[in-house]
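Participant: Predicted model and sequence below, questions to follow.
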Amino acid sequence: MRERKSSKVNSQQQQDHANGHLIPFKIGKLLDPNASWDKDQLGDVLHWIRQALALVCGLLWGAVPLVGGFWFILFLVLSTGIVYGYYAYVLNVDEEEFGGHGALLQEGLFASISLFLLAWIVVYSLAHF
């Protein structure tokens, strides 16, 4: 029964891959420095790290009533530092294969700024006015 089920799952994955669907992403790959990455996968991971960080910081900044440009700059520095640390030290990827530091550090930056500002302003306005 298990063999039939696993062969069914494998055939479904092969069919999805042949149809242009991506093979499911393995969570263990996120912390594996020996894993191979293509440009789209690494870009997606860096993008979603920034989005999660933007949401957490925006909610926190708004709830604590922090105001001013210093906190915005702190978010940018924190976000860039975490993304750089992740791909340079955790994953040990060669940044030149992915377009250099600029391309990797820019991945998801503008969307995360928008999400951060939206969360910060909405929470601040709802909680403190």
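Facilitator: Now that the structure is in, tell me what you want to look at.
Participant: Show me the shaky parts of the protein.
Facilitator: Within the chain, the stretches falling below the threshold (pLDDT under 70) are 1-25.
Participant: quick one: the helices in it?
Facilitator: In the chain, the helices defined using DSSP state H lie at 2-18, 39-63, 69-85, 100-106, 109-128.
Participant: Wait, Gly62 touches Phe116, no?
Facilitator: No. At 9.9 Å, Gly62 does not count as touching Phe116 under the criterion of CB atoms under 8 Å. C-beta here means a position set from N, CA and C on the backbone, and glycine is covered the same way.
Participant: For Ile27, which of the helices of the chain is the nearest?
Facilitator: helix 39-63 (10.9 Å; CB to CB).
Participant: Between helix 109-128 and that closest one, find me the angle.
Facilitator: 20 degrees (axes from the mean of the first three to the mean of the last three CA atoms, to 10 degrees).
Participant: Could I get the buried residue list for helix 39-63?
Facilitator: 42-43, 45-47, 49-51, 53-54, 57-59, 61-62 (16 or more other CB atoms under 10 Å).
Participant: Give me the residues contacting it.
Facilitator: 25, 30, 71, 75, 78-79, 82-83, 86-87, 91, 93, 97-99, 104, 107-109, 111-113, 115-125, 127 (CB atoms under 8 Å, 6 or more residues apart in numbering).
Participant: Buried among these? Make that a ChimeraX selection.
Facilitator: For the buried members of the contacts of helix 39-63, the matching ChimeraX selection, counting by 16+ other CB under 10 Å, is:
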select :71,75,79,83,86,87,91,93,98,104,107,108,109,112,113,115,116,119,120,123,124
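Participant: roughly how far apart are Leu59 and Gln41?
Facilitator: 28 Å (CB to CB, to the nearest Å).
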